[in-house]
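Asker: got a predicted model here, sequence first, then my questions.
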Amino acid sequence: MSLNLQTYTEHFTNPLYLESGRILEPYDITYETYGTLNEERCNVIVVCHALTGSHHAAGVYEEDKKTGWWNGLIGPKKAIDTDKYFVICANIIGSCFGSTGPMSPMHPHQQPYRYTFPVITIKDMVKAQRILFDRLDIHHVHAIIGGSMGGMQALVFAVHYPKFATKIIALATTYATQPWAIAFNKVAQEAILKDPDFKQGYYDPDIIKQEGLSGMAIGRMAGHLSFLSHESMQRKFGREYKSTDGLYELFGKFQVESYLEYNGYNFTKWFDPLSYLYITKAINIFDLARGFDSLQEAMQKVQSELYLISFSNDLLFRNYEMKEIETVLGEIGNKNHHYIDVKSDYGHDAFLVELEKFDTYIKEALNG
């Protein structure tokens, strides 16, 4: 069977009422689907992407060599089996891959929003997806699955749209962003804002695509540290030094330095800096208990079967943050949840890299 990759953009003219009290209108949502929707429309799995992800979760475009970010998990006979399920992944609002974001043209004069774009929240991202699914005549799904910021979205679906999904699987995430993660995002935000080429938000996106943005590259390097761990960096680089550099050259580099530079500078040519600022803001202010008296009260709304997956050496969202959700579910008498801590020393990015450590668990969760 084939993956049956399809990409679409839906245009919405009704206002999207945001958590901040502001509205977004009109707006677009770009999304991708894999597999085939069955006649009963009951085989839908929603995949939610993380900070720098997009709707392109699996497969390869003809003109591109890069596979989707969860390609190892989604496809025929894989954990999220597209022979069996119809998978849909939407690009969040605020992003820069087709859905409306800060560099989208602002109606009616067609200049980019830039700083006039409203601050959006994880809840707003989820609400926009819910409106998209309504338009697609999808009113209930088999499962929602996401890691990191995608896991935040999955948890928001669980609390705010309790009847929408039979199962919800959240990986490598948290119930509220803690100071450690906020601090890493702060470094990235400051590095972007202080770069003169950022031009206080009035940069030319075409120039950035060609030349990159050094401030954003530096911020991305800092962020990258929080995605890995001591052990994964030790394994990947050790103390290897670049063979072409002299040890006593001031700017001679270790392999780990070259790796950070390459990843940091490369990143700035394909991800928009204003989107980065807006999405990290959304992550920083994420709190599942906002609008409730407590996390306990929020979790009482949950009706889906909930699967929580943490990674033992995740430095960004510590495994005890996921454990806290499980503890709360136990306290309120929720019997329909499961928690596993995957033994991994890779770090936060284990949910993207070490698929073999949890793909069987996901398959069983979906099919069980």
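Answerer: Yes, it's here.

Asker: low-confidence bits of the chain, can you list those?
Answerer: Across the chain, nothing is flagged by pLDDT under 70.

Asker: domain map for it?
Answerer: In terms of domains, the chain is parsed into 6-177+287-367, 181-281 (source: automatic domain parsing).

Asker: deepest of these, which one?
Answerer: domain 6-177+287-367 (a mean of 19; mean count of other CB atoms under 10 Å). All C-beta spots, glycine's among them, are computed from the backbone N, C-alpha and C.

Asker: mind listing the helices for the stretch 51-200 of the chain?
Answerer: Secondary structure of the stretch 51-200 of the chain by DSSP state H, counting those that start in this stretch: the helices cover 122-135, 149-160, 179-193.

Asker: now those in TSV, with distance to Asn334?
Answerer: Shown next, in TSV, are the helices of the stretch 51-200 of the chain (distance: least, CB to CB, whole Å):
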stretch	distance to Asn334
helix 122-135	21
helix 149-160	11
helix 179-193	26
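
Asker: out of the ones you listed, nearest to Phe267?
Answerer: Counting by CB to CB, Phe267 lies closest to helix 179-193 out of these; the figure is 10.6 Å.

Asker: Tyr307 is in contact with Met322, correct?
Answerer: No - the pair Met322 and Tyr307 fails to qualify as a contact (CB atoms under 8 Å) at a distance of 10.7 Å.

Asker: need the residues touching each of these two.
Answerer: Common contacts of Met322 and Tyr307 (CB atoms under 8 Å, 6 or more residues apart in numbering): Ala170, Tyr339.

Asker: picking that back up, out of the helices of the stretch 51-200 of the chain, which comes closest to Ala365?
Answerer: Judging these by CB to CB, what sits closest to Ala365 is helix 149-160, at 12.3 Å.

Asker: tell me the angle that closest one makes with helix 122-135.
Answerer: Orientation check (axes from the mean of the first three to the mean of the last three CA atoms, to 10 degrees): helix 149-160 against helix 122-135 gives 70 degrees.

Asker: extract the C-alpha trace of helix 149-160 and format it as CSV.
Answerer: Output in CSV follows, covering the C-alpha atoms of helix 149-160 (Å, rounded to 0.1, in the frame of the first residue of the first chain):
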residue,chain,number,x,y,z
MET,A,149,4.6,21.2,21.9
GLY,A,150,2.6,18.6,20.0
GLY,A,151,2.0,16.9,23.3
MET,A,152,0.8,20.2,24.8
GLN,A,153,-1.8,20.4,22.0
ALA,A,154,-2.9,16.8,22.6
LEU,A,155,-3.4,17.6,26.3
VAL,A,156,-5.4,20.7,25.4
PHE,A,157,-7.7,18.6,23.2
ALA,A,158,-8.1,16.2,26.1
VAL,A,159,-9.2,18.9,28.5
HIS,A,160,-11.1,21.4,26.3
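
Asker: same for it, what does it pack against?
Answerer: Counting contacts by 3 or more CB pairs under 8 Å, 6 or more residues apart in numbering; DSSP states H and E, helix 149-160 packs against strand 44-48, helix 122-135, strand 141-147, strand 165-171, helix 273-284.

Asker: do that again at 10 Å, thanks
Answerer: strand 44-48, helix 122-135, strand 141-147, strand 165-171, helix 273-284, helix 295-299, strand 305-311 (3 or more CB pairs under 10 Å, 6 or more residues apart in numbering; DSSP states H and E).

Asker: what pairs with the last one, parallel or antiparallel?
Answerer: Partner strands for strand 305-311, per DSSP bridges, with pairing direction: strand 165-171 (parallel), strand 337-342 (parallel).

Asker: tell me how far whatever helix or strand comes next after the last one is from the chain's mean position?
Answerer: Spelled out, that is strand 337-342. Next helix or strand after strand 337-342 toward the C-terminus (DSSP states H and E): helix 350-353. Put simply, helix 350-353 sits 12 Å off its chain's centre (CA atoms, centre = their mean, to the nearest Å).
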